[in-house]
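> quick one: sequence and predicted model below, then my questions.
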There are 4 protein chains.
Amino acid sequence: MSIIPQRIVERLKELRATLDEPRVRQRLTEGSGEPNRPALRSPRRVTAASIEALWQKIRAVAPAGDEQQRLLADPDTLASAECYGANIENMIGTVKVPVGVAGPVRINGLNAAGDFVIPLATSEAALVASYARGADIASRAGGIAAVLLTEGVLRSPGFKFANVMEAGLFLEWVIDASAELKVAAEATTRHGKLCAIEPMMDNEVVFLLCRYTTGDASGQNMVTIATEALCRHIETHCPVRPRHWFIEANYSGDKKSTYLALTSGRGRKVTASVTLPRALVEKYLHVSVERFLDYSRMASLGAMLSGQIGAQGHFANGLAAFYIATGQDAACVSESAIGFTRVEDRDGDLFISVTLPNILVGSVGGGTGLPSQAAALHLLGLQGPGKAAALAEVVAALCLCGEISIIGALAAGEFTQAHRKLARER
Amino acid sequence: MSIIPQRIVERLKELRATLDEPRVRQRLTEGSGEPNRPALRSPRRVTAASIEALWQKIRAVAPAGDEQQRLLADPDTLASAECYGANIENMIGTVKVPVGVAGPVRINGLNAAGDFVIPLATSEAALVASYARGADIASRAGGIAAVLLTEGVLRSPGFKFANVMEAGLFLEWVIDASAELKVAAEATTRHGKLCAIEPMMDNEVVFLLCRYTTGDASGQNMVTIATEALCRHIETHCPVRPRHWFIEANYSGDKKSTYLALTSGRGRKVTASVTLPRALVEKYLHVSVERFLDYSRMASLGAMLSGQIGAQGHFANGLAAFYIATGQDAACVSESAIGFTRVEDRDGDLFISVTLPNILVGSVGGGTGLPSQAAALHLLGLQGPGKAAALAEVVAALCLCGEISIIGALAAGEFTQAHRKLARER
Amino acid sequence: MSIIPQRIVERLKELRATLDEPRVRQRLTEGSGEPNRPALRSPRRVTAASIEALWQKIRAVAPAGDEQQRLLADPDTLASAECYGANIENMIGTVKVPVGVAGPVRINGLNAAGDFVIPLATSEAALVASYARGADIASRAGGIAAVLLTEGVLRSPGFKFANVMEAGLFLEWVIDASAELKVAAEATTRHGKLCAIEPMMDNEVVFLLCRYTTGDASGQNMVTIATEALCRHIETHCPVRPRHWFIEANYSGDKKSTYLALTSGRGRKVTASVTLPRALVEKYLHVSVERFLDYSRMASLGAMLSGQIGAQGHFANGLAAFYIATGQDAACVSESAIGFTRVEDRDGDLFISVTLPNILVGSVGGGTGLPSQAAALHLLGLQGPGKAAALAEVVAALCLCGEISIIGALAAGEFTQAHRKLARER
Amino acid sequence: MSIIPQRIVERLKELRATLDEPRVRQRLTEGSGEPNRPALRSPRRVTAASIEALWQKIRAVAPAGDEQQRLLADPDTLASAECYGANIENMIGTVKVPVGVAGPVRINGLNAAGDFVIPLATSEAALVASYARGADIASRAGGIAAVLLTEGVLRSPGFKFANVMEAGLFLEWVIDASAELKVAAEATTRHGKLCAIEPMMDNEVVFLLCRYTTGDASGQNMVTIATEALCRHIETHCPVRPRHWFIEANYSGDKKSTYLALTSGRGRKVTASVTLPRALVEKYLHVSVERFLDYSRMASLGAMLSGQIGAQGHFANGLAAFYIATGQDAACVSESAIGFTRVEDRDGDLFISVTLPNILVGSVGGGTGLPSQAAALHLLGLQGPGKAAALAEVVAALCLCGEISIIGALAAGEFTQAHRKLARER
């Protein structure tokens, strides 16, 4: 009986044969020489011809044939190839992600008001059905209150000085120069506004957390370009010279799940809530309000024990499906999928709320203008300028629908069955 | 001068007009009555006709017309509609996400060995170019060592008892019955193996963290079904009765970024590394090894200050693009995008490694069998049974390429320029 | 071979006999009836007689005799009994914690400048020796630069409303009333200043993070009383009525280690650093600069893998010993013992810095006026008004000494030996 | 109106004058030369004479006089000077921390059963009164159920290899050699048992988390010495050579608050609970069960928003006071003060539980044998061999008392008043 955990022991036994093979050892430790196959590269301008040309090269080096080419580089994609040029490099086609709808869901938002049909792109069975179920019950209860609370996309340049004294003098200068820095940053953008610079010192290192509103765009590129200008202004005018500086020093939480994001927000902070009458809960979720609360209490403990950032069920499912369908940056799911779901008894009825501090969505820019993504946004009536605030509220409402449904299913003991039934053909 | 942060004050001023409007107040606080539009619903079997029928209903309630329908429900999608039936509900078409390639990248893995062309689906300019750049330099250095370390997908049923005494007696029973529980769980699956049950007590609440290997599938449904069977076995045979129990009590970290995942792993834990000769770093990344290390030191501090789980740059970008392209569960980016990137001077050359404890990928199941997704996997030669271990190593190698490129760009001061140039048409 | 971790199985086996005993079961599940021994209570005014009287009662109910009474209620303590009355209830004597000194350590602070002999109270062998060693080498290197960066003790009242709309209106009112709130809070204190109110909303719940400077006191009571006044002002004047509110809703991090503290600071944020010439490192720490850095790299990974808040070695040791010796609130070690230790090669020499965002120290108030504690503070020349800023810098310098010594010992392989030698008599 | 937070601006303005002073600048950036005062040093053997001799040296370099010497080096301390020799270096006396008592509290533990008078050392007014109030009400409710769940003190040596392949081969060897390693480690101790080695890999770095039971000692030194032997055995026998290794690589969480500790435990994991009848709550806490629960809900949100590890109120207060009174390692409060307080309605009554995964206490070793500390332990009847398990349960019960009282006070709106009244003389 080993004192080493059994699963580690078994895994190592599995590996032993492989690790003992000389060819594998050599490969792992010495590499295998420079490749004779040059990196694939395509011209900047995407056309049907550039796609075809790239496939010729790929087929020489990878196990791809006519069928793969046809499925990715289908005629429709080739016909609209030029649309994609600003969004991708080395393009070889498109992947088709199935889209389902949830709704119409009644949203009573500060910015989004009305009934919305929400497009969701996913290949996971049961996901759309679950969100649709939540949408249905929330609508029957009179709809979802949703409020965009704050916004502010972050960039965090970092500056390193010879010592803490220099760092302090730098900060003095920054404070005196803050108005100029704002001008420098905002000169690069029509829509972005630098609304705060929040310094963070660790001895001789200074981060400047720059917080921007970004109009109707998600705004990640916008804030990068603006912050570059801010840093160049510092470089040109500040008499205190850093040893080195970087435009983004990994403090902003860009594409990462962080505690900073939970407390300070990144992107748009949105909240949504609904009170579900007891009768609706029992009829449509097949569970009592009490049991719903029982689940929620245990789940809150589970979340904290696991070291979750915030406490929620599966924001990521709705966010990923929505971001993909509407041309948002799907990698931002990593930072958006944090926050809180809270549940309470309200005189026998069920109050449920979600708060997401980091929704990164735009109604313009990014992939929102690509053909099918624009079509999906259009379904919501939220494509183009002036719609980002409403869009953010729709996302929060969507996440609320998902939480209602999954907690309901888990509390009612129907979670497994739902997945088994809907993924039935596998 | 208010003692309340300026950005909050300004935001509230913006909101004031809206909040003061009676119509908005009423909507937010009282809801707006049950909707007269019933929830959209489609039959289980997806066909061109079911899609067409659903569009008819949608067009009655949402701002959608011919063009939107054509873009989402294009002829190719309609022709292959039945393929999607097991992966989505209420299907209205597909969204086309552009796919680019990085590679061929030389991987010297335990399981993945050779030159791989990696498909990436994204609408974010510069992403593919960045990963391709990292892939090129890593290949020139002789390729990437990659090792699948451990695996184990988690489910965490939770049981609540009358008191800690009962909880203790329950645990006693579980330990005696562990062999039976393993049999019960594994009876539901050909490929899944229950390799550990790790109990966690908090007074009268007991979580059983169930850890499974899942063969070549990502395995989230598989472990749900197996754990349901395990719980039903407990329900039937255990004399100690819980007050209530739930199949998943939010401790496993499913679809969430958690510390548990960082230390215990969920899905597949993979590591990849390469040593880049100094000359390559200078030539292709336009930066010295020293400056690369300077960046990495500051970024490590930034990560910790932000409360990141692990410390890395942008795993999420590569993961999201790869998961979407190859039919993986894109929502799992939320839990996969954690881990460590480490950088060191090795006698003047640059050692760089990534470790990701939670890659959730399969070469079978989920969306991997959908037409264009299967084609993308085929490009890698990693579709179908027996390929999941290699697939996981490819994912780690990909993330390594992305880290090389982004740190290089940030350290060289080229980050902004790269984004500006490649997103040029917007 | 069980799939349950071996150590859990063994532990449960150990427990089995006990759990199966009916007497134990009954005790654990049913309690054991109301006790016939009333709670011990002492008058507010502490005197030798009150102590003696309490001992009489204790000796009737607890295994205590003459010897215990003499050791805790020694003549010196009895003679000065009245000194303790404002600091303790139910007083039975004093515990004598041995005090050692480290120093004189040269500190080149913004506020603390000169050579300081630092008193440390601990019963852990090797602790004082280790800090003294670090103090010696840092002094030989020309002394420690130390800077008090910011200060701000937090209280976080929480308010719950009927819905998010009411919460928003409340916040509007707070912003308009912020000047009055500042007046109300500051009316309760001569030294405290309310420097910021930072609101945090989660749907219908609003926390107001109130940040105070507290003069030369640590200030925890001061901010409680001021915040109570602030809340009462709200209660009296704000037309938007909360469902309920609490003066501290567990968001401020009081007596807890939190991420909020790491990024926002609580108490005083202080940084200290020194550059140790290579020759000093080798001579006194018996280790090369390179190996010191090797350790530090691995320790940084260890810290992040463990989910530490910040990354440091053993701030808690120095803090606890210093807080106890000087009459600070020792429970605050829990929140103060976070932050960063960073190490770098500076042209072959060793730069090392510490940053602690949450030092809670005062040169007045709390236990600083108790006889022996005041004597310890006096040794530093930092007792009484006007000394808190210097005191905070001394604490940071002390922590730096401890980090130098422990990293040196661990890197040199001398850690175990040092402990074995100094705890020799056990 | 600056975009930089007002409090930062004001703080920098305060600093400006100082930072601009040349003398300060020089001091901060250049140091101030090697000190002419040598480090204070005392012989190993502590006697009244050695203390006197050290005071002579101190008085030459620090603002200390007769009074300070008398207060720290009082006759009683001098008379018992030799008792302290194994616990401190450079001893100059003792600091007298006032001790109050809470209880008798009825504990119905697995190991601790009966009525306990608990000594608490603190200089914070209201602390003892608060714990005593909780103890009283818990006892009236029939007493506190308490269970020592698991134990295991951690050390985490770290090993760095040339590459991941070597790291894998090392781990293979460790697994084969685990029985020998256990023998080597346990050969150094009569009481310590190595119950698990849990490996953690990050590419070429391997941590071995070594988990020990430590008999009746807290055990931190014991596990260091045992792990040193384990590492030396590896060094002598393992054919795979690390580049370097360290006995403790900062992964174990020693003296730090970590997530690892929350999920894996360090030291002793203990839980305690009680159900308070509604009438008792109302009578003694002046609050309804409902309002107690209202508080607890908001406090749980506050805890999570602040990034607390676990969710509790003020474990640190009770722990610090108890650790100091009974000669435990007070620095361990930093790691012990995490865990969960949970509250529930049980048919109208109030169930409340605490779980602390990291209590580090011993009934032997450390400071437990010092005169007044031993007397305090004696009061509990828990000094000496065979008492550590009961001691741990008493600590958990104590923390429960504290949580009952503070939540009660906060919920009843009496928190401020209690502090104002009891700290009245300041």
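Structure's in. What do you need?

> contacts only, for the nearest residue to A:Ile352 once chain neighbours are set aside.
Here the nearest residue to A:Ile352 in space, its sequence neighbours aside, is A:Val343; by C-beta to C-beta, 6 or more residues apart in numbering or on different chains that works out to 5.1 Å. Any C-beta I mention is one placed from the backbone N, CA and C, and that applies to glycine too. For A:Val343, the contact set (C-beta atoms under 8 Å, 6 or more residues apart in numbering or on different chains) comprises A:Phe292, A:Leu293, A:Ser296, A:Leu350, A:Phe351, A:Ile352, A:Ile407.

> that's a strand at A:Val343, yeah?
Yes - assessed with DSSP: H, G, I helix; E, B strand; the rest coil, A:Val343 lies in a strand.

> confidence score at it?
pLDDT recorded at A:Val343 is 97.

> run through the stretch 101-250 of chain A and note the low-pLDDT ranges.
Regions of the stretch 101-250 of chain A meeting the criterion pLDDT under 70 are absent.

> looking at this, A:Glu67 is in a strand?
No - using three-state DSSP, the assignment for A:Glu67 is helix, not a strand.

> from B:Ala375, how far out is it?
From A:Glu67 over to B:Ala375 the distance is 7 Å, taken as C-beta to C-beta, to the nearest Å.

> measure the residue nearest to A:Ile352 to D:Arg297 for me?
Distance from A:Val343 to D:Arg297, by C-beta to C-beta: 10 Å.

> and A:Glu67 and B:Ala375? which has more neighbours close in?
More crowded of A:Glu67 and B:Ala375, by other C-beta atoms under 10 Å in any protein chain shown: B:Ala375, with 28 against 12.

> any idea which strand is longest in chain A?
strand A:91-109 (DSSP state E).

> now the stretch 151-300 of chain A against chain B: closest residue?
Closest to chain B within the stretch 151-300 of chain A is A:Tyr259: 2.8 Å, counting by C-beta to the nearest C-beta.

> excluding covalently adjacent residues, which one is nearest to that residue?
Once flanking residues are discounted, A:Tyr259 sits nearest to B:Gly307: 2.8 Å by C-beta to C-beta, 6+ apart.

> which ones are touching that neighbour?
Per C-beta under 8 Å, 6+ apart, neighbours of B:Gly307: A:Thr258, A:Tyr259, A:Leu260, A:Leu262, A:Ile309, C:Tyr259, C:Leu262, C:Thr263, C:Ile309, D:Gly307.

> so which residues of the stretch 201-350 of chain A form helices?
A:220-237, A:259-264, A:278-285, A:289-306, A:315-325, A:333-336 (DSSP state H, counting those that start in this stretch).

> make TSV out of those and add distance to B:Asn203.
Formatted as TSV, these follow (distance: least, C-beta to C-beta, whole Å):
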stretch	distance to B:Asn203
helix A:220-237	45
helix A:259-264	27
helix A:278-285	28
helix A:289-306	10
helix A:315-325	29
helix A:333-336	34
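
> reformat the ones you listed as JSON lines; add distance to C:Gly369 and mean neighbour count.
Listed next are the helices of the stretch 201-350 of chain A as JSON lines, based on distance: least, C-beta to C-beta, whole Å; neighbours: other C-beta atoms under 10 Å in any protein chain shown:
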{"stretch": "helix A:220-237", "distance to C:Gly369": "48", "mean neighbour count": "21"}
{"stretch": "helix A:259-264", "distance to C:Gly369": "36", "mean neighbour count": "26"}
{"stretch": "helix A:278-285", "distance to C:Gly369": "58", "mean neighbour count": "17"}
{"stretch": "helix A:289-306", "distance to C:Gly369": "39", "mean neighbour count": "23"}
{"stretch": "helix A:315-325", "distance to C:Gly369": "52", "mean neighbour count": "31"}
{"stretch": "helix A:333-336", "distance to C:Gly369": "49", "mean neighbour count": "30"}
